[in-house]
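Asker: structure for the following, please:
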Amino acid sequence: MSLLVNADDLAGLAERAARVITGGGGLKALAQLLADATEGAVLIEDDQWRHLAAAECRGGLGALPASFAAHHGDQPGRDGLVRAKVNESVSALCAPMPGGAAEGNAGHVTLFLNGKAPGHAAAALRVVAGAAGVECVRRGSGRAQARRAFWERYLSGGFVDAHALRDEAAEAGVTLPTSLVAAVFDVEGAAPQTARDALAQALAAADAVLAPIPSSAPLALFPVKNQADVARARQAAAHAVRVLVQAGTARSVACGVGGHRPDLLDLPESVAQARQALTLGCRLFGRNSVTTYADLGLYALLHAGAGKEAFAAFAESMLEPLAVYDRRHRTDLLHTLRLYVEAGENVKIAAERLSVHRHTIFYRLNQISQILKVDLKSPKDQLSVRAALAIRQMHRGEDASPS
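Answerer: Below is the predicted model of the structure:
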């Protein structure tokens, strides 16, 4: 039985629809509002009959068509609605979503009902279709504008629920992978659109997409499943940098790549890391370089003014692979590294303190470099290793101290 029985109920429905729009609830919430008010099911499609959103009341109506396109026909009633019989028990009403003055209809809202439509169902449908049209125009009358609105909200951290994120992505025609890693490019000597077009072509083989948002620094998003995919994203970014410079498209190009965040909701953090990697990478390594957030090591924490927990996590992530190797192979590489650093990177002194030959120290240092993926002759990596050892020692001292 319909929950709408009079004009006051319809006015209340219109007010709730307006609150959905102003509160940023989106098409999914509007569909659910109509489904609950009429005890039916609602399907919202764009002007090409592509799925935007759907909702059902509690209990459902059984099997429904994926699209109302086949039932629509060309004979709307005097009220502008198209009526159809879907099966023996389900009937449907379809209303156009008004678009902007130049765009015509933005799409269609179809209401599916068990049996005969209740008296106010048509009016309720028109109320929600009008609100859905406003929502579509608010986001942009075209598909491209809808995608831009989605990405702007997503990248600014506007989602806190993964289901809402995927629902709105579907409404905008965006297919999201398992997770994404961000890469920000700074292109000098090329017009913005020229730079975007060249980057899009250079990154196409890596399945990367450029976020459709206005920015002086193009933002590329790489689909990733694990940490190894981040390395492939870096390789693709480095290829794009070389292509743009060698082809003369740009005078110079620099790129920063963020960290891998398994949760899609954490993409804004990867974007922030990519921007930090770009800024510091240019200062540390110069132009025409690609810097990942992981490359920055201690520099990223110092630049961001990180807290105690972040420094502890940095030390753990840097040295734990060595500790794990020692436990598995009954070696003492972490102790060797500590003594080597305390000896001022002097192999002779380290060998004397460990009572081993100098060649043994060289062999162990080579192992350590491979396990930690660092260059112990690099000042940047030396700083990171020294800091990680000091942080680890301080935290172990705190753990051992009486409370």
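
Asker: low-confidence bits of the protein, can you list those?
Answerer: By pLDDT under 70, the weakly predicted segments of the chain are 1-5, 74-75, 100-104, 117, 139-144, 304, 306, 396-403.

Asker: can you pull out the helices in the stretch 1-150 of the chain?
Answerer: 7-22, 26-38, 69-72, 121-139, 143-155 (DSSP state H, counting those that start in this stretch).

Asker: make a markdown table from those and add distance to G305 to it.
Answerer: For the C-beta atoms, the positions are set from N, CA and C on the backbone; glycine is no exception. Below are those laid out as a markdown table (distance: least, Cβ to Cβ, whole Å):
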| stretch | distance to G305 |
| --- | --- |
| helix 7-22 | 37 |
| helix 26-38 | 36 |
| helix 69-72 | 56 |
| helix 121-139 | 37 |
| helix 143-155 | 23 |
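
Asker: okay, those helices in CSV with mean neighbour count next?
Answerer: Listed next are the helices of the stretch 1-150 of the chain as CSV, based on neighbours: other Cβ atoms under 10 Å:
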stretch, mean neighbour count
helix 7-22, 15
helix 26-38, 23
helix 69-72, 14
helix 121-139, 23
helix 143-155, 19
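
Asker: and V230, which of the ones you listed is closest to it?
Answerer: helix 143-155 (18.6 Å; Cβ to Cβ).

Asker: after the closest one, which helix or strand is next?
Answerer: helix 162-171 (DSSP states H and E).

Asker: now that following helix - C-alpha only, PDB.
Answerer: Only the C-alpha atoms of helix 162-171 are listed here, as PDB (Å, rounded to 0.1, in the frame of the first residue of the first chain):
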ATOM      1  CA  ALA A 162      33.100   2.300  -0.100                       C
ATOM      2  CA  HIS A 163      29.600   1.300  -1.200                       C
ATOM      3  CA  ALA A 164      28.600   4.900  -1.700                       C
ATOM      4  CA  LEU A 165      31.800   5.400  -3.600                       C
ATOM      5  CA  ARG A 166      31.100   2.600  -6.000                       C
ATOM      6  CA  ASP A 167      27.500   3.500  -6.400                       C
ATOM      7  CA  GLU A 168      28.300   7.100  -7.400                       C
ATOM      8  CA  ALA A 169      31.100   5.900  -9.700                       C
ATOM      9  CA  ALA A 170      28.600   3.700 -11.500                       C
ATOM     10  CA  GLU A 171      26.200   6.700 -11.800                       C
END
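
Asker: tell me which residues in it are buried?
Answerer: Across helix 162-171, burial judged by 16 or more other Cβ atoms under 10 Å covers 164-165, 167-171.

Asker: and for stretch 196-215?
Answerer: In stretch 196-215, counting by 16+ other Cβ under 10 Å, buried: 196, 198-199, 202-203, 206, 208-212.

Asker: so what's the closest residue in space to L244 that isn't next to it in sequence up against?
Answerer: In this structure, L244 finds its nearest non-sequential neighbour in A250, 4.6 Å apart by Cβ to Cβ, 6 or more residues apart in numbering. A250 makes contact with 187-190, 195, 198, 244, according to Cβ atoms under 8 Å, 6 or more residues apart in numbering.
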